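>>> Just need the structure, nothing else, for what follows:
(chains A and B)
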Amino acid sequence: DALLASHRSYRSRPTHGIGRFKYLLPKEVPKRRKEKVQMKEISAGTEYQYGDINIQMTSHDLCLVEHFAQYVHRLCNRLSIRVNESYAMPTKTNEVLFLEERGSKMQLDAVLTTHQRVVQIRGLSSTFAPILLEVIQSSQPEGVHLLMKQHTEADFKSRLKARPELEELLAEMS
Amino acid sequence: LCCFSSCSSWLPQRVALQGSHWQSSLLGVRTSLPVRAQPKKKKKVDVKKEQAQKERMKKKLKKLEKAAPELIPIEDFITPLKYTESNRVRSLPTLSPEESERRVLLLKKWCLFKQKQDEAEKKAIKALVESQQEALRELQLESQELYQAAILRDEGLFPFEREGPSYTPPLPGYDPPEGKCIDITKVYTQ
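Below is the predicted model:
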């Protein structure tokens, strides 16, 4: 029996841990698993506080809208308003065609891109909301369309890719 | 008399029994019908095929549902390849000391201007908040009900929409050419 169990190294023996080598290799950083895109809980807010509010800034000018979004984010940080997320919505491209003066053909005028940035805030108090609105409006640059609305699930779903196969199957099942 | 009443009380029961008996016999007749061979086979095969199809669809659904939904990639943040392929480097012209001096002074002036602007904004916010707080305190002293109503959140505030200011006012009597807009955004599917 002792012969059969001889593969165990005894801790008192000098040959203990003779096969160890992993401690010599460089430390491996554990692989980060891809975090699943899950919708965060939408708070409804109390009587004296608004819930999740989306500040959506839309414009054709990319740099302007980005800088304005950064400004709004920093303003909220400075006024200690909690910012949940600050993300970009997918860009929309439009082809503008106009009818020529003499003729019935549509002429390509330009290709316009519309960019949108969203800053999501939570816990805005009812007394401070009009002040914040005033400040943002006073510093609104030209050509930037501002929209403030409450965050809904539909807003979150519009950021995700369409899944036609899943929808087809669901329609078939029901 | 008593026998009559007993008979009358007994009759409807009997009728009910007969009725149920009749019904059960009919049911018995129904169950006896599909005992015959041919129509049963067709039904079995159909049912099995349908069940197999349903299971396949359920498996497909499970597989698709397991895959997490992905966000649409934003084209703004992806640099087009043509800007990374070329190796040409721009060479800037050397600046004279006067020019660099002028630029540094301009930068300092701009920093000061921006600082003044920022401070003015902070001061304005502070003044607004203070005046609001004072007004609310006075209102509380006046009437508690109105104060409570004033503190409640305004449902009509959101959604709030505003267009940015324009460089020039709209031209009077401008006739825009007719045309249309076509949406050519790329549709991503998972």
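>>> Residue B:150 belongs to a helix, doesn't it?
Yes: the assignment for residue B:150 is a helix, going by DSSP: H, G, I helix; E, B strand; the rest coil.
>>> wait, it sits on residue B:139?
Yes: contact criterion CB atoms under 8 Å: residue B:150 and residue B:139 qualify, at 6.1 Å. To be clear about C-beta, it is placed using only N, CA and C from the backbone, and glycine gets the same treatment.
>>> number of nearby residues for residue 102?
Went with chain A since none was named. With neighbours defined by other CB atoms under 10 Å in any protein chain shown, the count for residue A:102 comes to 4.
>>> my question was about chain B
12.
>>> three-state assignment of it?
helix.
>>> any idea how far it lies from residue B:94?
15 Å (CB to CB, to the nearest Å).
>>> Find the closest residue to chain B in chain A.
residue A:98 (3.3 Å; CB to the nearest CB).
>>> May I ask which helix or strand encompasses that residue?
For residue A:98, the element it lies in under DSSP states H and E is strand A:82-99.
>>> Give me the buried positions along that strand.
By 16 or more other CB atoms under 10 Å in any protein chain shown, the buried positions in strand A:82-99 come out as A:83-84, A:86, A:88-92, A:94, A:97.
>>> nearest residue to the residue most central in space within chain A other than its sequence neighbours?
With distances taken as CA atoms, centre = their mean, the residue of chain A nearest its centroid is residue A:87 (4.2 Å). Counting by CB to CB, 6 or more residues apart in numbering or on different chains, residue A:87 lies nearest to residue A:118, which is 5.6 Å off, once chain neighbours are set aside.
>>> Now do the same contact list for the one you found.
Shown in contact with residue A:118 (CB atoms under 8 Å, 6 or more residues apart in numbering or on different chains): A:54-57, A:85-89.
>>> Look at residue B:4 and report its pLDDT.
Per-residue confidence at residue B:4 stands at 46 (pLDDT).
>>> what do you get for residue B:1?
pLDDT at residue B:1 comes out at 47.
>>> Check residue B:30 too.
Taking residue B:30 on its own, its pLDDT is 49.
>>> likewise the one 4 residues further on?
As predicted, residue B:34 sits at a pLDDT of 50.
>>> Need phi/psi at residue 141.
Assuming you mean chain A. Dihedral pair for residue A:141: phi -80, psi 170, per degrees, to the nearest 10.
>>> Quick check: it touching residue A:66?
No: using CB under 8 Å, residue A:141 is not in contact with residue A:66; the gap is 11.3 Å.
>>> returning to that earlier point: once you drop chain neighbours, what's closest to the residue of chain A closest to chain B?
residue B:179 (3.3 Å).
>>> these two touch, right, the one you found and residue A:108?
No: using CB under 8 Å, residue B:179 is not in contact with residue A:108, being 9.8 Å away.
>>> Common neighbours of those two, please.
A:96-97.
>>> who does residue A:58 bridge with?
residue A:116, residue A:145 (DSSP bridges).
>>> pLDDT score for it?
pLDDT at residue A:58 comes out at 94.
>>> what residues are up against it?
Neighbours of residue A:58 in contact, by CB under 8 Å, 6+ apart: A:65, A:114-116, A:144-145, A:147.
>>> got the residue ranges for the strands in chain B?
All strands of chain B, identified by DSSP state E, fall at B:160-162, B:179-183.
>>> Residue A:70: which of these is closest?
Nearest of the strands of chain B to residue A:70, taken as CB to CB: strand B:160-162 at 19.3 Å.
>>> and the longest helix along chain A, what does it pack onto?
If you go by DSSP state H, chain A has its longest helix at helix A:62-78. Judged by 3 or more CB pairs under 8 Å, 6 or more residues apart in numbering or on different chains; DSSP states H and E, helix A:62-78 is in contact with strand A:53-59, strand A:82-99, strand A:106-122, helix A:129-138.
>>> To residue B:159, which of the ones you listed lies closest?
Comparing these by CB to CB, strand A:53-59 comes nearest, at 9.3 Å.
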